[in-house]
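Participant: Structure here, sequence nowhere to be found:
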């Protein structure tokens, strides 16, 4: 009987959580919809933080992105500078499809990332191989970008393992800033 009660409780919590989640179609079309191909063309700089499951900030970082496109195929070369001195790289190979959606691959992404936009929002979902203290974990990334204006984008990413949220990443991109490079990681 305890197993049945436990199962019912988990099912009820799951329904509550899923009913509170945001869907891409919650965002109305705008006159000029957010399209990552247009925004991430050329140099973009961003600042962010990682918060663990308890919302404690565990890392801060700056990221330099250089985007280049040939038709509907693009590369986003990302360089991350973390506050602990670590520098890491990711190179996204992106492809815009006829329906306006995107597919992407990168060195640390398992399989293919899928992205769609609606109005001022863009959702990108993928499995990431994450190395933490010499252990590699596969985590699900639910990445949401919101275009604030032609120069600025907010990014919120939920990182989960087995359906449990383990971290949040928050980023602010600015395409207009005079500073086009990140400072040394230790000064972030």
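Facilitator: Yep, it's here. As the structure is a computational prediction, the values presented were derived from the model and not from experiment. Numbering: from 1, shown residues only.
Participant: in the protein, what spans have low per-residue confidence?
Facilitator: 1-31, 177-180, 184-188 (pLDDT under 70).
Participant: Helices along that one, start to end?
Facilitator: Ranges of helices within the chain are 2-19, 36-39, based on DSSP state H.
Participant: Check which residues of the shortest one are buried.
Facilitator: Meaning helix 36-39. 36, 37, 39 (16 or more other C-beta atoms under 10 Å). For every residue, glycine as well, the C-beta is placed using N, CA and C.
Participant: got JSON lines for those residues, with distance to residue 125 too?
Facilitator: Formatted as JSON lines, these follow (distance: C-beta to C-beta, whole Å):
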{"residue": "36", "distance to residue 125": "14"}
{"residue": "37", "distance to residue 125": "18"}
{"residue": "39", "distance to residue 125": "19"}
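Participant: How many residues are close by the closest residue to residue 67 other than its chain neighbours?
Facilitator: Nearest non-adjacent residue to residue 67, counting by C-beta to C-beta, 6 or more residues apart in numbering: residue 40, 3.9 Å away. Using other C-beta atoms under 10 Å, residue 40 is surrounded by 24 other residues.
Participant: can you pull the contacts of the residue nearest to residue 51 when sequence neighbours are not counted?
Facilitator: Leaving aside its chain neighbours, residue 51 sits nearest to residue 168 (4.6 Å; criterion: C-beta to C-beta, 6+ apart). By C-beta atoms under 8 Å, 6 or more residues apart in numbering, the residues touching residue 168 are 50, 51, 55, 156, 157, 158, 159.
Participant: and the gap between the residue nearest to residue 74 when sequence neighbours are not counted and residue 105?
Facilitator: Spatially, and ignoring its direct neighbours in sequence, residue 74 is nearest to residue 94 (4.6 Å; C-beta to C-beta, 6+ apart). Look at residue 94 and residue 105: by C-beta to C-beta, to the nearest Å, they are 8 Å apart.
Participant: Compare the two and say which is more crowded by neighbours.
Facilitator: Neighbours per residue (other C-beta under 10 Å) separate residue 94 from residue 105, with residue 94 holding more: 22 against 15.
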